[in-house]
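Student: Fold the following.
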Amino acid sequence: MRNILRLKIIIAIFILTASRLLGQISETRIDSLTLDQAVSLALQHNPSLRAADAGVLSASSGLTQADAAYFPSIAATASASRTGGAFVLNPSVSSRNQTYNTYTTGFQVNQTIFDFGKTIGRVSGAGSFLDAAESDLISARENVVMNTSLAYFGYVQAIQVEKVNEEAAQRASQHLNEAKAFYTVGKRAQFDVTRAEVDLANANVNLIRSRNQIRLAKLQLENAMGIHPSSDYRVTEAFPIPEFSLPLDSVKLLTFGQRPELIAATARLEANKSLVSAAWDQHLPTLSASGAWTWSNFDFPLFSRWNVGLTMSLPIFQGFSISAQVEQARAAADAAQANLDVLRESVILEVEQNYLGLKEAEERIAASTKLVEQAEQNLNLAERQYAAGVGTALEVADAQLTLSNARITRIQALYDYNSSLRKLERSMGILTG
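Tutor: Residues are numbered from 1 along each chain as shown. Model prediction:
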């Protein structure tokens, strides 16, 4: 069953690698880009997944090497030699020079019958290392999904902020025109015109910054996806507000069963425990069988012979190397246990932080939505009063600034909610993309 699973993993990695290479060779054109499409492209092209793929292949090869001890080893041999010199066949007879050939060929077979758990321990350890590598691959995929999602949300946020600043610049321009018109007919002082010009200049500066932020956010998104499309593309410019209703206790419980890093660390701990057992079992004997079939002679034709036998070997003294190997394996197991304990604590902290951040952002969305409504009403009132000649330019400018800040605050709350939700799903180990 494990061999079938490994074969499926290898085939999947091969297909993903081929698709990434083909995607890099071909020119990528995108007209519109949704979050799901961005994540799908990242899983195909992001280069960070190649290392995780290689880790799975390496661990799978390690398991194959460990399994090899269950199978016989077969070797074919062939040799030819020519010997010459003085030979003494009998002390009473003088030596004589002689030259002759020797030809030998054959097959040798060796099979370990029982080694008192050495092979079982190594195979078990290699299998656990493969499980850990597979969890590392899942973790790498989740990191790509999270980073791509955050970059996508950052791009959407930059676009929305740019729209707010663009609207603020348009309002400032309209206000400047009104101030000039009122000043021309003597209804307003020169200060109002100057103030409106300053407000328009500030709005244009904010607009320039926001447009540059869009370019930076786009580059970050393309870097997260691992591709740089040759065409301009549009993204969904609205933040979703998906509901998350799980309590914190349920979130923690789910995290301990799903977080791939915890699964990988647990698998590595089990692997090192198996290697401790395999290292100690080197003190025990090994029973093996061997056989050979050979053909040899001084000249052709060759004559055949065969032999079979059983061998039991027991290490008596190896210069304390076995004991040192056992201690080394135990130290590695202790380190794996410590790493698992540290990881559990950090995961709990990460989950709680992301959960609290999500709830805070949820509350800020409601509060900032109300704030935007109030700021819009305040601006409308200030503009009407200014047009009627009973308001001041400072009141209009303050109202406009308040509205822009309120809208940006709401955009930030929406971004924080979506990013916190993605981070929380990642910390729980349920972010599949």
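Student: So which residue of this protein lies furthest out from the middle?
Tutor: Distance to the chain centre peaks in the chain at residue 92, reaching 82.3 Å (criterion: C-alpha atoms, centre = their mean).
Student: Residue 213 looks like it's in a strand, true?
Tutor: No - counting by DSSP: H, G, I helix; E, B strand; the rest coil, residue 213 is not part of a strand but helix.
Student: low pLDDT regions in this protein?
Tutor: For the chain, the stretches flagged by pLDDT under 70 are 1-29, 88-89, 433.
Student: the helices in it, which residues?
Tutor: If you assign secondary structure with DSSP state H, the helices in the chain sit at 2-25, 35-45, 48-67, 118-184, 190-225, 248-258, 260-280, 321-387, 393-428.
Student: Any chance of TSV for these, columns mean neighbour count and distance to residue 111?
Tutor: The way it works is simple: take the backbone N, C-alpha and C, and place the C-beta from them, glycine included. Output for those, formatted as TSV (neighbours: other C-beta atoms under 10 Å; distance: least, C-beta to C-beta, whole Å):
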stretch	mean neighbour count	distance to residue 111
helix 2-25	13	20
helix 35-45	20	45
helix 48-67	17	14
helix 118-184	21	12
helix 190-225	18	52
helix 248-258	14	42
helix 260-280	21	19
helix 321-387	16	24
helix 393-428	21	48
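Student: between those helices, which gets nearest to residue 98?
Tutor: Of all the helices of the chain, helix 321-387 sits nearest to residue 98, with 46.7 Å by C-beta to C-beta.
Student: picking that back up, out of the helices of the chain, the one nearest residue 286 is which?
Tutor: helix 118-184 (7.2 Å).
Student: how much does that closest one deviate in direction from helix 248-258?
Tutor: Per axes from the mean of the first three to the mean of the last three C-alpha atoms, to 10 degrees, the angle that helix 118-184 makes with helix 248-258 is 130 degrees.
Student: need the longest strand for the chain.
Tutor: For the chain, the strand with the greatest residue count under DSSP state E is strand 96-114.
Student: That one: how far from the chain's middle?
Tutor: How far strand 96-114 lies from its chain's middle: 53 Å, per C-alpha atoms, centre = their mean, to the nearest Å.
Student: For that strand, name the packing helices and strands.
Tutor: When contacts are defined as 3 or more C-beta pairs under 8 Å, 6 or more residues apart in numbering; DSSP states H and E, strand 96-114 packs onto strand 73-87, strand 286-297.
Student: Can you lay out the helices of the chain as CSV showing distance to residue 236?
Tutor: Formatted as CSV, the helices of the chain follow (distance: least, C-beta to C-beta, whole Å):
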stretch, distance to residue 236
helix 2-25, 22
helix 35-45, 7
helix 48-67, 25
helix 118-184, 7
helix 190-225, 13
helix 248-258, 27
helix 260-280, 29
helix 321-387, 18
helix 393-428, 12
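Student: Identify whichever of the ones you listed lies nearest to residue 292.
Tutor: Closest to residue 292 of those, according to C-beta to C-beta: helix 118-184, at 23.0 Å.
Student: Now do the closest one: which elements does it pack against?
Tutor: Contacts defined by 3+ C-beta pairs under 8 Å, 6+ apart place helix 118-184 against helix 2-25, helix 35-45, helix 48-67, helix 190-225, strand 234-235, helix 260-280, helix 321-387, helix 393-428.
Student: ok so, going back, what are the buried residues along the longest strand of the chain?
Tutor: By 16 or more other C-beta atoms under 10 Å, the buried positions in strand 96-114 come out as 103, 106, 112.
Student: Residues contacting that strand, please?
Tutor: For strand 96-114, contacts defined as C-beta atoms under 8 Å, 6 or more residues apart in numbering pick out 69-87, 89, 119, 286-300, 302, 310.
Student: Over to stretch 412-423?
Tutor: Contacts with stretch 412-423, where a contact means C-beta under 8 Å, 6+ apart, come from 145-146, 149-150, 153-154, 156-157, 239-242, 244, 354, 357-358, 360-362, 364-365, 367-368, 431.
Student: quick revisit: which one of the buried residues of strand 96-114 sits closest to residue 167?
Tutor: Nearest to residue 167 out of the buried residues of strand 96-114 is residue 112 (C-beta to C-beta; 78.1 Å).
Student: Tell me how far the closest one lies from residue 274.
Tutor: Counting by C-beta to C-beta, to the nearest Å, the gap from residue 112 to residue 274 is 18 Å.
Student: Check residue 185 too.
Tutor: Look at residue 185 and residue 274: by C-beta to C-beta, they are 91 Å apart.
Student: same deal with residue 70?
Tutor: Using C-beta to C-beta, residue 70 is found at 16 Å from residue 274.
Student: now do residue 381
Tutor: Noted for residue 381: a distance of 74 Å to residue 274, by C-beta to C-beta.
Student: Repeat that for residue 159.
Tutor: Distance of residue 159 to residue 274, given as C-beta to C-beta: 53 Å.
Student: Please name the nearest non-neighbouring residue to the residue most central in space within the chain.
Tutor: Central residue of the chain (C-alpha atoms, centre = their mean): residue 140, 1.5 Å from the mean position. Nearest non-adjacent residue to residue 140, counting by C-beta to C-beta, 6 or more residues apart in numbering: residue 52, 3.8 Å away.
Student: So the one you found sits against residue 142, correct?
Tutor: No - contact between residue 52 and residue 142 fails when scored by C-beta atoms under 8 Å: they sit 10.7 Å apart.
Student: Look at the closest residue to residue 309 other than its chain neighbours and say how many residues are nearby.
Tutor: Counting by C-beta to C-beta, 6+ apart, residue 309 lies nearest to residue 290, which is 5.7 Å off, once chain neighbours are set aside. Under the neighbour criterion other C-beta atoms under 10 Å, residue 290 is assigned a count of 15.
Student: what about residue 290, distance to residue 66?
Tutor: Using C-beta to C-beta, we find residue 290 at a distance of 21 Å from residue 66.
Student: Grab the nearest non-local neighbour of residue 354.
Tutor: Nearest one to residue 354, counting by C-beta to C-beta, 6+ apart, is residue 424 at 3.9 Å.
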